[in-house]
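A.B. asks: Sequence and predicted structure below; questions after.
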Amino acid sequence: MKDLQRNVSREIEVDSLVSTVWMKIAPPKVEFFMWLALLGKLNTRYRLYVKGILQEDQSTCTFCKLQPETLDHVLMSCTYSQQVWRLLASELGHSWITPASFKQHYENWMGLTWRNALRKKIWISTFFAATWTI
């Protein structure tokens, strides 16, 4: 029974996190992209390989060509993506530590509290723009 309660709590937590993308601060296609990313449903090269659409040798990261192009790798842990996130965080006066997953990265980025609503929108818009651009 406790396992069921934990699973339901996790699903509700994930649903509430995923639903935060619908803020109308980015174009709908960008919000939809973020929604798919948070659900783990983006068709990365590795995911297309698993589905049998690509060959194994076609599943590596577009940027570094060293790792399989999984969602977490391409959006967060690839050296190219890490440079983008570090630069953005630095320019906005924050430090960036590589989180365990893209979902955790999103949660950490959105978890900052802001007294100024405009700065908060800029912070969130920056995350959406960087993710979309990567």
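C.D. replies: On my side now, so go ahead. Numbers count the residues shown, from 1 in each chain.
A.B. asks: Give me the residues contacting stretch 93-106.
C.D. replies: 14, 17, 34, 37-38, 40, 71-72, 75-77, 82, 85-86, 88-90, 108, 112, 127 (CB atoms under 8 Å, 6 or more residues apart in numbering). C-beta coordinates here come from the backbone N, C-alpha and C atoms, glycine included.
A.B. asks: so how far is A26 from the spatially most central residue of the chain?
C.D. replies: With distances taken as CA atoms, centre = their mean, the residue of the chain nearest its centroid is F102 (4.0 Å). Using CB to CB, to the nearest Å, F102 is found at 16 Å from A26.
A.B. asks: Ok, A37 next?
C.D. replies: Counting by CB to CB - A37 and A26 are separated by 13 Å.
A.B. asks: Please compare these two by neighbour count and tell me which comes out ahead.
C.D. replies: Remark: of A37 and A26, A37 carries more neighbours, 23 against 20, as counted by other CB atoms under 10 Å.
A.B. asks: Next, the contact list for that one, please.
C.D. replies: Going by CB under 8 Å, 6+ apart, the list of residues near A37 reads 71, 75, 102, 106, 131.
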